[in-house]
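>>> Provided below for reference: sequence and predicted model.
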Amino acid sequence: MSTKVSDHILERLREWGVEHVFGYPGDGINGLLAAWGRAENQPRFVQSRHEEMSAFEAVGYAKFSGRIGVCAATSGPGAIHLLNGLYDAKLDHVPVLAIVGQTHRTAMGGSYQQEVDLHTLFKDVASEFVETVTVPEQLPNVLDRAIRTAYARRCPTAIIIPGDVQELDYSAPTHEFKMVPSSLDRSAWTAVPSQESLERAAEILNSGEKPAILIGQGAAGARPEVERIAELLGAGVAKALLGKDALSDELPYVTGSIGLLGTRPSYELMRDCDTLLTIGSSFPYTQFLPEFGKARGVQIDIDPHMVGMRYPYEVNLVGDAKATLQRLIPMLDVERGGRDWHDTVCGNVKRWREVMERRAQLSADPINPEYVAHVLDPLLPDNAIVTSDSGSTANWYARHLTMRPGMRSSLSGTLATMGPGVPYAIGAKFAHPDRPAIALVGDGAMQMNGMAELITAAKYRDLWEDPRLIVAIWNNHDLNQVTWEMRAMEGAPSFLPSQQLPDVQYAAFARSLGLTGIRVEKPEDVEAAWRAGLQADGPAVLEFLTDPAVPPIPPHATWEQMEATAASVLKGDADRASMVKQGFKAKVQEFLPGREK
């Protein structure tokens, strides 16, 4: 039997080491589906409930495996559905390949059913590489370039294959004019900055008395070096959300997350420092960085297009974080002065942890959402993979979970889209079937797509060596993050027609799928529910009924701002009494004994 184009594509994916393709079937990829049958499902076709979930699962797989994530969809509507997940990959710099079908070449341009100009559609999201295969001889070069580009540029790429092309006999490019051969190899490389720029950076860092370090996901491969430079400088280390697992939170000088979802000591670190070293982060919110002119800055980033944008750095070191730090560290002054700054940073961290402990213990109606995350923290297995959805749950994920060595975590850091929490966790399970995955999700995201993807978890549970996949739902009947943004930013009360969510029995739905399902209505049952989920022999849904009136207070919020927010919503917020009560209860924890004014 002859080798079809579709057979060759799957063979080439296998040669690249691709083990899973996350997708949804449709007649635009019938040729590929037939090839999967002939190939005995190698690489494995992982069927989601929706193409957007396929893309999210590919992103989660890539984030947690370090390998390219691959997703597949049919032409027209299926290809369109991929876009949100692919934009998530684009904005978080994740290597993902999308393989999409197209109508037959004979019908293109004829306003045919499901015909969409896919090249134009994908030109932005897959701007680094998108190509349509019209003849077999374009392969394997098009596929190889798409994969190499995704890895090298840390981005999504796309190849479009018309249905009739998938079914053609494959013929390799020949040694002729206008033929493009290809090869598999993608040898490793490391970029390092110039010696002169390293010396300039060292001069700046040696001059500081109050140094601060900000790390993102680009620092994840340089943990020992980040620890070493922080200790040499006596610096505090703040983390962008995508860098939450890049360094252990158990280190006394790690101040935690930065930004609106961040911690008070991270805010204080940036407010008071005189030197800033940013490693592998493109954190966008300038107002949470030092005031311009107050701190001298150095940045390290692998991408020359991403440097110098967020702060007026004096030196932008373009290079791999690990290799750059290894060259920079010997240039630092090890005979630095006193450690007063270091002690101040560590003291701020210690006090903040006490504040978060007190906040988590505050009463609420019925359960304090901070308490749910706080109870999970010491129970997390050392090899846990944690995903968070966007929304108010991201606040509790950012502030209450202590990342220890060996743990992994992520969320939609830049696009901040709703819905990736559950599919990220599913992608993580295929990347690491021997590790437990925990998705932290709000009820809005769960209703948007998480419930359907529980079906996917049930379908594949037997493939995972460690079958635990815990989906924890903060059920507060409210699109809570947007509700609080309206209150704080717009000075407007909650608009119930847009914000109020219907009550859904998530745990009961899980049980209908044969999964563990636990509904928690009282704070005294929270710990037992977490323990039951962590001891389950398969996927589990933990549904916590939480209080929507507990505010995600920004780390820089003052008493005056709290009062202004309260005054603006007292005019007509349906939950105004509870909101004011819980907000002031939470804020006052920062001013109890042990906290300097």
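Looks like it arrived, so ask away. Everything numeric in this text was worked out from a predicted model, so none of it was measured.
>>> for the rest of this, base every contact and every neighbour count on C-alpha atoms.
OK.
>>> from His374, how far out is Gln499?
Gln499 sits 26 Å away from His374, going by C-alpha to C-alpha, to the nearest Å.
>>> okay, these two: which has more neighbours?
His374 (23 against 15; other C-alpha atoms under 10 Å).
>>> figure out the helix or strand that that one lives in.
For His374, the host element (DSSP states H and E) is helix 369-376.
>>> show me what the next helix or strand after that helix is packed against.
Next along the chain after helix 369-376, taking DSSP H and E as the criterion, comes strand 385-388. Helices and strands touching strand 385-388, by 3 or more C-alpha pairs under 8 Å, 6 or more residues apart in numbering; DSSP states H and E, are strand 408-411, helix 421-431, strand 437-442.
>>> residues contacting the second one, please?
When you say that, I think you mean helix 421-431. Residues outside helix 421-431 that contact it (C-alpha atoms under 8 Å, 6 or more residues apart in numbering): 20, 53-54, 56-62, 64-65, 385-390, 411, 435-441, 450, 453-454, 457, 464, 469, 471.
>>> what mean pLDDT does it get?
For helix 421-431, mean pLDDT is 98.
>>> okay, the angle between that helix and strand 437-442?
170 degrees (axes from the mean of the first three to the mean of the last three C-alpha atoms, to 10 degrees).
>>> partners of Ile279 in the sheet?
Beta-bridge pairing of Ile279 under DSSP bridges involves Ile215, Ile300.
>>> Gly517: neighbour count?
Counted with other C-alpha under 10 Å, Gly517 comes out at 24.
>>> measure it to Leu463 for me?
Distance from Gly517 to Leu463, by C-alpha to C-alpha: 20 Å.
>>> which residues does the residue at minimal distance from the centre of the chain bridge with?
Residue closest to the average C-alpha location in the chain (C-alpha atoms, centre = their mean): Leu411, at 2.6 Å. Beta bridges link Leu411 to Ser388 when assigned by DSSP bridges.
>>> wait, isn't it in contact with Ser388?
Yes. Here Leu411 lies in contact with Ser388, judged by C-alpha atoms under 8 Å, at a distance of 5.1 Å.
>>> overlap of the contact sets of those two?
By C-alpha under 8 Å, 6+ apart, the residues touching both Leu411 and Ser388 are Pro420, Gly421.
>>> where in this structure is pLDDT low?
Under the criterion pLDDT under 70, the flagged ranges of the chain are 335-338, 488-491, 557-597.
>>> residue contacts, Leu233?
Neighbours of Leu233 in contact, by C-alpha under 8 Å, 6+ apart: Leu205, Asn206, Pro211, Val334, Arg336.
>>> and for Pro539?
Contacts of Pro539 (C-alpha under 8 Å, 6+ apart): Ala457, Ala458, Arg461, Pro467, Arg468, Leu469, Ile470, Val471, Leu515, Thr516.
>>> mind doing that once more with 6 Å?
Arg468, Leu469, Ile470, Leu515 (C-alpha atoms under 6 Å, 6 or more residues apart in numbering).
>>> out of these, which comes closest to Arg105?
Leu469 (43.1 Å; C-alpha to C-alpha).
>>> so how far is Arg310 from Arg153?
As judged by C-alpha to C-alpha, Arg153 and Arg310 stand 20 Å apart.
>>> ditto for Val59
Val59 is 25 Å from Arg310, by C-alpha to C-alpha.
>>> what's the angle from the longest helix along the chain to helix 369-376?
For the chain, the helix with the greatest residue count under DSSP state H is helix 340-361. Helix 340-361 and helix 369-376 are oriented at 110 degrees to each other (the same axes, to 10 degrees).
>>> run the chain-centre distance for helix 340-361.
Helix 340-361 sits 26 Å away from the centroid of its parent chain (C-alpha atoms, centre = their mean, to the nearest Å).
>>> go on, stretch 18-31?
With C-alpha atoms, centre = their mean, you get 24 Å for stretch 18-31.
>>> between Val59 and Arg310, who's got more neighbours?
Taking neighbours as other C-alpha under 10 Å, Val59 and Arg310 compare with Val59 leading, 36 against 16.
>>> which ones are touching that one?
Counting by C-alpha under 6 Å, 6+ apart, Val59 has contacts Gly69, Ala89.
>>> try it again at 7 Å.
For Val59, the contacting residues are Gly69, Ala89, Val94, Val96, Tyr424, by C-alpha atoms under 7 Å, 6 or more residues apart in numbering.
>>> and for Glu521?
Per C-alpha under 7 Å, 6+ apart, neighbours of Glu521: Pro366, Phe544, Leu545.
>>> columns secondary structure on top of those residues, output as TSV?
Below are these laid out as TSV (DSSP: H, G, I helix; E, B strand; the rest coil):
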residue	secondary structure
Pro366	coil
Phe544	strand
Leu545	strand
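>>> return the member of these nearest to Glu527.
Nearest to Glu527, judged by C-alpha to C-alpha, of those is Phe544 at 11.0 Å.
>>> go ahead and confirm that closest one touches Asn475.
Yes. Between Phe544 and Asn475 there is a contact under C-alpha atoms under 7 Å: 5.7 Å.
>>> sorry, back to before: how close does the residue nearest to the centre of the chain sit to Gly450?
Distance of Leu411 to Gly450, computed by C-alpha to C-alpha: 14 Å.
>>> and Ser111, by the same measure?
35 Å.
>>> which one of these two has more residues nearby?
Gly450 (25 against 9).
>>> what's the spacing between that one and Val5?
From Gly450 to Val5 the distance is 35 Å (C-alpha to C-alpha).
>>> what do you get for Pro25?
From Pro25 to Val5 the distance is 18 Å (C-alpha to C-alpha).
>>> tell me which of those two has more neighbours.
Taking other C-alpha under 10 Å, Pro25 and Val5 do not tie; Val5 has more neighbours (27 against 18).
>>> could you check how far that one is from Leu328?
From Val5 to Leu328 the distance is 50 Å (C-alpha to C-alpha).
>>> just Ser2 next, same as before
Using C-alpha to C-alpha, we find Ser2 at a distance of 57 Å from Leu328.
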